[in-house]
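**Q** dropping the sequence and predicted coords here.
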Amino acid sequence: MLEEIKKTAAWIQAQTAGFRPEVGIVLGTGLGDFAEQIEAAYSLDYKSIPGFPVSTVEGHKGRLIFGTLEGRKVVAMQGRFHYYEGYTMQQVTFPVRVLQQLGIGYLFVSNASGGINTSFRVGDLMVITDHINLMPNPLIGPNLAELGPRFPDMHNCYDKELIARATAIAEQESIKLQYGVYVGGTGPTFETQAEYRYFKAIGGDAAGMSTVPEVIVARHMSIPVFGVSVITNCGLSDEIGDHEDVQLQGKKAGVKMQLLFRRMIKEL
Ligand code: HPA
């Protein structure tokens, strides 16, 4: 496994003239536009990268974009691998392992999720303060001791200093932020009403099908993480959202998220 990770990282380094990103950014569903903000130096299709999971989904678009943002070297994953697609947890998290080998010192993650906290509205941005993992743990199996410990600590999983900085920036930019616990389930079904109530009862504020595996692996390697969820629906609401409105709200929230990520990366 470690050998494959190193091999893939070496191949990427050869394609990108040894580009060394400081920040890795995972762009979630509907948030891929952010890549346009990056002054791209190199772009690699996932399907061209040896060792990367092979997409089974027709028309699946995924690429790594290397470039600068606010003068910082970044790499963005435009598209991620989900457990519900049939990948193993090792495949889902492989790209984050590779990004660490390439040199990232921070991981920024984003996703679309369903609000469980009844004070949340469609289009809200939720800073992820913690998570509850309801998927298989990606660290099950032999430990890669060179990368991290057998029993990684999960305190401060979402970096408190980065969260504080987000709060300060949001105030300056008049961006309304929510804060909460992300519950990561396998999907691909959305939750039943009973499951949304269950997620709420166990302490969740938003439900999604991604992010948690990547964050666990990043924390295994001691990389500070900042995460944001765009609330695209409200699970406990009786109203079925107007689809067009949900998309519009999602787009508006995406714009706010881009501004927040951009300023945070500038001030790292
Ligand atoms: N549940 C799980 N994943 C999601 C949801 C949801 O309600 N909305 C967007 N992704």
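**A** Nice, thanks for sending it over.
**Q** got the residues of the stretch 101-250 of the chain near the ligand?
**A** Contacts of the stretch 101-250 of the chain with the ligand, taken as CB under 6 Å from any ligand atom, map to 112-114, 190-191, 207-209, 232-233, 235. From N, CA and C alone the C-beta is placed, and that goes for glycine too.
**Q** which one of these sits in the busiest neighbourhood?
**A** In terms of neighbour count, residue 113 stands highest of those at 30 neighbours, by other CB atoms under 10 Å.
**Q** quick check, pLDDT for that one.
**A** With respect to pLDDT, residue 113 scores 94.
**Q** does it sit in a helix or strand, and which one?
**A** Here residue 113 sits within strand 106-115, counting by DSSP states H and E.
**Q** any idea what the residue nearest to the spatial centre of the chain is bridged to?
**A** In the chain, the C-alpha nearest the mean C-alpha coordinate belongs to residue 109, at 2.8 Å (CA atoms, centre = their mean). With DSSP bridges as the criterion, residue 109 is bridged to residue 26, residue 227.
**Q** quick revisit: which one of the residues of the stretch 101-250 of the chain next to the ligand sits closest to the ligand?
**A** Checking those against the ligand with CB to the nearest ligand atom, the nearest one is residue 114 at 2.0 Å.
**Q** identify the residues contacting the closest one.
**A** Residue 114 makes contact with 190-191, 196, 206-208, 231-235, according to CB atoms under 8 Å, 6 or more residues apart in numbering.
**Q** now it: how far from residue 122?
**A** 10 Å (CB to CB, to the nearest Å).
**Q** so what sits against both of these two?
**A** 231-234.
**Q** any idea which of these is closest to residue 66?
**A** residue 232 (28.6 Å; CB to CB).
**Q** quick one: that closest one is in a helix?
**A** No. Secondary structure of residue 232 (DSSP: H, G, I helix; E, B strand; the rest coil): strand, not part of a helix.
**Q** pLDDT below threshold where in this structure?
**A** 55-60, 239-243, 246 (pLDDT under 70).
**Q** what ranges do the strands span in it?
**A** 23-27, 39-45, 63-69, 72-78, 106-115, 125-133, 177-184, 206-208, 225-234 (DSSP state E).
**Q** identify all contacting residues around the fourth one.
**A** Residues external to strand 72-78 that are found in contact with it (CB under 8 Å, 6+ apart): 19-27, 32, 34-35, 38, 61-68, 95, 99, 102, 104, 265-266, 268.
**Q** now do the shortest one
**A** Surrounding strand 206-208, the residues in contact under the criterion CB under 8 Å, 6+ apart are 111-117, 120, 126, 128, 180-185, 191, 196, 199, 229, 231, 235.
**Q** if you set the cut-off to 7 Å instead, what comes out?
**A** Residues from elsewhere that reach strand 206-208 (CB atoms under 7 Å, 6 or more residues apart in numbering): 111, 113-116, 126, 180, 182-185, 191, 196, 199, 229, 231, 235.
**Q** picking that back up, strand 23-27 and the strand holding residue 113, what's the angle between them?
**A** 20 degrees (axes from the mean of the first three to the mean of the last three CA atoms, to 10 degrees).
**Q** just how off-centre is strand 106-115 within its chain?
**A** 4 Å (CA atoms, centre = their mean, to the nearest Å).
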